[in-house]
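Undergrad: after the sequence you'll find the predicted model.
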Amino acid sequence: MKKTDWPIRWDLLLRYRLIEIIALWEGRLTTNHICHSFGIGRQQASKDINTYLRELAPDNLVYDRHLKGYVPAENFSPVVTRGHASEYLDLLARQEHLSDTFETLNISLPDSTVVQGPHRVVQPDVMRAVVTATRHGRQLRAGYASLAQPGISQRTLEPHTLVCVGHNWHLRAWCETTGEFSDFALSRFRGEPEAVRLRSRRTVHQDDEWNRELTLVLTPDSRLSKERQDIIATDYGMTNHRLELTTRAALAPYVLSRLGVAVDTPHPDPLVQQLELANAEQVGRGTLHQQKTVKAVAGLC
């Protein structure tokens, strides 16, 4: 990609996103938000707001003299964000992570906290080899510790994608040992993996489960009362008590596991499970039966 092909510099895009997120979800944006978040002066922050309004979204913000800040206009329409609450909540989470590292950091966001769980340990040399092999379409040779079999087995992998599931990462790759595409937790590579010069013979285009799309139809757990089902339907923005999620077949078990949806053995307490898969037969039992393996790889059990 040529430098001129990208219309907005990365640092400016981050500042424009902050402008939209703060204005939309807090209802008042000031230059202090930008100054404290990016360590820039008030003049530059004011220029960023004016450039955003002039070049991206002329009708999105209105200056309120009483509040001494910008507020979202009635016809506000996000242009560099999706307008989802998760974007604001992610911003709060990032502030929490940064504050843990830089104790004096204050970017003028409300107090918040993030429930932290243990992260799986991934060694730098593992990550470097995985990234090199994946980025350049090369084979990866590595020792791998699997729960399915004792000891460490030597694998030759042909990876195509890094996948994040919550706080855990795994590698989607063709494995010569098993003769199929599988998921490999980064924390379970042993020794020093090597991205060899041999090109991968199997690419993402040959991964049928990765390329096959599924629609998961989720509904409130039918064992719950009508009132409780209504609450859950509202939680997830369901229409007629149905929520349709489109995902890759290879990732469907991860989606269900993160939502706490156990297909074969539902949790005995519907208040714990809360959701159920309404179209299990259409999705296919073969895909759903991968949940146990998925939980082990993703650290969900």
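TA: Alright, I've got the coordinates.

Undergrad: and the top strand by length along the chain, C-alpha only, in CSV?
TA: Longest strand of the chain, by residue count under DSSP state E: strand 152-165. What follows is strand 152-165 as a C-alpha-only set of coordinates in CSV (Å, rounded to 0.1, in the frame of the first residue of the first chain):
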residue,chain,number,x,y,z
ILE,A,152,5.9,-33.3,23.6
SER,A,153,5.4,-34.1,20.0
GLN,A,154,7.3,-32.5,17.1
ARG,A,155,4.9,-30.8,14.7
THR,A,156,5.3,-29.3,11.3
LEU,A,157,2.5,-26.7,10.9
GLU,A,158,1.4,-24.5,8.1
PRO,A,159,-0.3,-21.6,9.9
HIS,A,160,-2.7,-19.0,8.4
THR,A,161,-4.3,-17.0,11.2
LEU,A,162,-3.7,-15.9,14.8
VAL,A,163,-7.0,-16.1,16.8
CYS,A,164,-7.8,-14.3,20.0
VAL,A,165,-10.4,-15.8,22.4
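
Undergrad: list the buried residues for it?
TA: By neighbour count with 16 or more other Cβ atoms under 10 Å, strand 152-165 contains the buried residues 155, 157, 158, 159, 160, 162, 163, 165. C-beta here means a position set from N, CA and C on the backbone, and glycine is covered the same way.

Undergrad: in JSON lines: those residues, plus distance to residue 129.
TA: Shown next, in JSON lines, are these (distance: Cβ to Cβ, whole Å):
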{"residue": "155", "distance to residue 129": "12"}
{"residue": "157", "distance to residue 129": "10"}
{"residue": "158", "distance to residue 129": "13"}
{"residue": "159", "distance to residue 129": "10"}
{"residue": "160", "distance to residue 129": "15"}
{"residue": "162", "distance to residue 129": "12"}
{"residue": "163", "distance to residue 129": "17"}
{"residue": "165", "distance to residue 129": "21"}
